[in-house]
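Visitor: generate a structure from the sequence data that follows.
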Amino acid sequence: MKYIVFAIFFLPILTAAQLLQPPAEKFTRADTLRGSIGPERSWWDLKYYRLDIAVNPEQKSIGGSNTVGYEVINAGERMQIDLQAPLKIASVSQNGETLSFTSEGNAHFISLKAPQKPGSYQEVQIFYSGQPKVAVRAPWDGGFSWETDSNGLPFAATSCQGLGASVWWPNKDHMYDEPDSMAIRVQVPKPLVNVSNGRLREVVENENSRTYEWFVSNPINNYGVNVNIGDYVHFGETYQGEKGPLDLDYYVLRENLEKAKEQFEQVPQMMEAFEHWFGPYPFYEDSFKLVEVPYLGMEHQSSVTYGNGYENGYRGYDLSGSGWGLKFDFIIIHEAGHEWFANNITYRDAADMWIHEGFTAYSENLYLDYHYGPKAASEYVIGTRKNIRNDRPVIGPYGVNKEGSGDMYYKGANMLHTLRQLLEDDALWRSILRGLNETFYHQTVTTAQIENYLSERTGKDLSAFFNQYLRTTLIPKLQYRWKGAQLEYRYLDIVEDFDMPVRVFMDKKEHWLFPEAEWKSEEMGGQPGNFEIDPNFYIETEEL
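Guide: Presented below is the predicted three-dimensional model:
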């Protein structure tokens, strides 16, 4: 059954599905300034950041500057830079001249003096300071986490997905534009260590402090930038990957060194599985680091953070209920999976966050597939369906920095698992996943780009398939009844033109049904008691 055809069209009319959509949300001008590509953002292309700050854990404060390097696309006189209260911009300068600025909430508009010649490279330096927002429930409600270790030493870290990197440093806080490279220079009191993204260039010893300079040589999304401060000890190893030797570096609290050496043995196993499925690790030049933090963990690029208590599962719990979730450390596998989907392929708008979370949740069962086989992977991903609420669509509203439903994780994973079944060709499926990371290497993307790529590579028009799972809360229901040995069946709760085939078994023999909205009938050649519907398809079933 290699040539399944979907008779579906672009932009289908949503009929009953529309009735399940939540009321339209009201958004403010602040939401638009944060989430849209306005005129004060669109005329310049971000090229480089140099973040130079001092962190004072005792006072829970930060201060310093960020130099923004950019190329002028079109002539512009005003530049939007974002920084969230209670942090304040002290001054802004360009070419040695002080620039004036006005503020509207967290958006700050800098008036430029020098002519901004299209094609030229320019830099603006922003000086700022204050006490950044304290994370309430990191990483979901993030900011700065200020804790202490068992020896009473400061233990601090940043996390800011969704909330925005401007919660702790001034930047162009929209996902569509990434710097090509970044320098991160952080001063911390002795005896503390700072770990950030990329590779460590130097450590400057001062009388009572140390300054750590890290350099990221690849494009990086804003929320992927991080600061981690603690009484860290370092160990590491070299992984022989698809692009050659890859440095794997680990920074953990001194008290947890032995536990980390044992638990982090899963890192090379993760890298082996994900390079198989997704292609080479996208940031060889910047290495891979796993860094202990005082919260659960986050996918910071080349500086993945870890706080899962050195145990398997999600804090010791199997999110799937299948037993397979305890075969791996959830934070190591999930957050590292984001290096491919979030940090390599990055959404342009928060509404498309499913590109990060759907593919990365799916990476969990691909890890199991690689190390334990397809049965383990299927049981795991099917088990995660109990976490799906179908409260609102997976894709959120555009232009206002608003993500869709949290179902983007496991509804997204089950959607992709279903698509794999439709292909019946695991070699092709693997080449598609690797092709995504090659085609969109170090790029920001839209849902439309991902959908079109998958339709093109599978040879199927998947528009109704994606409309069903991403843009509605409806799950296709296969309704069926028997008349003797004849099976009658149809789909309920589907968008217009949805006709996804489903694999069934009669007397253990594979058979494909092609349900549509209208009843169809088929002679199955067996007894109803010997009929099974493949559970690998994310649908609901009802026998009448």
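Visitor: pop the domain breakdown of the chain in here.
Guide: Recorded structural domains for the chain (assignment: automatic domain parsing) are 1-35+231-471, 39-229, 477-543.
Visitor: the strands in the stretch 201-350 of the chain, which residues?
Guide: Under the criterion DSSP state E, counting those that start in this stretch, strands of the stretch 201-350 of the chain are mapped to 209-216, 228-230, 232-241, 244-253, 288-292, 297-298, 304-306, 345-347.
Visitor: helices and strands around the first one, which ones?
Guide: In terms of contacts (3 or more C-beta pairs under 8 Å, 6 or more residues apart in numbering; DSSP states H and E), strand 209-216 is packed against strand 181-189, strand 193-195, strand 199-205. Every C-beta, even on glycine, is put in place using the N, C-alpha and C of the backbone.
Visitor: partner strands of the first one, with direction?
Guide: Strand 181-189 has the following sheet partners, assigned by DSSP bridges: strand 44-56 (parallel), strand 209-216 (antiparallel).
Visitor: list the buried ones in the longest one?
Guide: Right, the one you point to is strand 44-56. By 16 or more other C-beta atoms under 10 Å, the buried positions in strand 44-56 come out as Trp44, Leu46, Lys47, Tyr48, Tyr49, Arg50, Leu51, Asp52, Ile53, Ala54, Val55.
Visitor: please compute how far the helix or strand Thr444 falls within lies from its chain's middle.
Guide: Following DSSP states H and E, one finds Thr444 within strand 443-445. On the basis of C-alpha atoms, centre = their mean, to the nearest Å, the separation between the geometric centre of strand 443-445 and that of its chain is 12 Å.
Visitor: pick out the residue closest to the middle of this protein.
Guide: Among the residues of the chain, the one closest to the centroid is His356, at 3.0 Å (C-alpha atoms, centre = their mean).
Visitor: assign it to helix, strand or coil.
Guide: Recorded secondary structure, His356: helix (DSSP: H, G, I helix; E, B strand; the rest coil).
Visitor: now do the contacts for the closest residue to it other than its chain neighbours.
Guide: For His356, the nearest residue in space outside its immediate sequence neighbours is Ala342; the separation is 4.0 Å by C-beta to C-beta, 6 or more residues apart in numbering. The contact partners of Ala342, taken as C-beta atoms under 8 Å, 6 or more residues apart in numbering, are Asn221, Gly224, Glu299, His356, Thr360.
Visitor: now do Gln122
Guide: Taking C-beta under 8 Å, 6+ apart, we find Gln122 in contact with Trp44, Gly69, Tyr70, Glu71, Val72, Gln94, Ala114, Gln116.
Visitor: just send these back as JSON lines, with distance to Asn387 and secondary structure too.
Guide: Formatted as JSON lines, these follow (distance: C-beta to C-beta, whole Å; DSSP: H, G, I helix; E, B strand; the rest coil):
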{"residue": "Trp44", "distance to Asn387": "42", "secondary structure": "strand"}
{"residue": "Gly69", "distance to Asn387": "43", "secondary structure": "strand"}
{"residue": "Tyr70", "distance to Asn387": "42", "secondary structure": "strand"}
{"residue": "Glu71", "distance to Asn387": "44", "secondary structure": "strand"}
{"residue": "Val72", "distance to Asn387": "47", "secondary structure": "strand"}
{"residue": "Gln94", "distance to Asn387": "49", "secondary structure": "strand"}
{"residue": "Ala114", "distance to Asn387": "53", "secondary structure": "coil"}
{"residue": "Gln116", "distance to Asn387": "49", "secondary structure": "coil"}
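Visitor: export the domains of the chain to CSV and tack on mean pLDDT?
Guide: Formatted as CSV, those follow (pLDDT from 0 to 100):
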stretch, mean pLDDT
domain 1-35+231-471, 93
domain 39-229, 97
domain 477-543, 95
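Visitor: can you map out the helices along the stretch 1-150 of the chain?
Guide: 16-19, 29-35, 39-42 (DSSP state H, counting those that start in this stretch).
Visitor: on that earlier part again, reformat the buried residues of strand 44-56 as JSON lines; add distance to Tyr491.
Guide: Written out in JSON lines, the entries for the buried residues of strand 44-56 read as follows (distance: C-beta to C-beta, whole Å):
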{"residue": "Trp44", "distance to Tyr491": "49"}
{"residue": "Leu46", "distance to Tyr491": "46"}
{"residue": "Lys47", "distance to Tyr491": "50"}
{"residue": "Tyr48", "distance to Tyr491": "52"}
{"residue": "Tyr49", "distance to Tyr491": "50"}
{"residue": "Arg50", "distance to Tyr491": "56"}
{"residue": "Leu51", "distance to Tyr491": "53"}
{"residue": "Asp52", "distance to Tyr491": "58"}
{"residue": "Ile53", "distance to Tyr491": "56"}
{"residue": "Ala54", "distance to Tyr491": "61"}
{"residue": "Val55", "distance to Tyr491": "56"}
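Visitor: one step back: of the helices and strands packed on strand 209-216, which is nearest Trp512?
Guide: strand 181-189 (50.3 Å; C-beta to C-beta).
Visitor: quick check: angle from that closest one to strand 199-205?
Guide: Relative orientation of strand 181-189 with respect to strand 199-205: 30 degrees, computed using axes from the mean of the first three to the mean of the last three C-alpha atoms, to 10 degrees.
Visitor: what's in contact with strand 181-189?
Guide: Everything outside strand 181-189 that qualifies as a contact, by C-beta under 8 Å, 6+ apart, is 48-58, 154, 194, 196-198, 201, 206, 208-220, 225, 227, 229.
Visitor: buried residues of that strand, list them for me.
Guide: Going by neighbour count (16+ other C-beta under 10 Å), the buried part of strand 181-189 is Ser181, Met182, Ala183, Ile184, Arg185, Val186, Gln187, Val188, Pro189.
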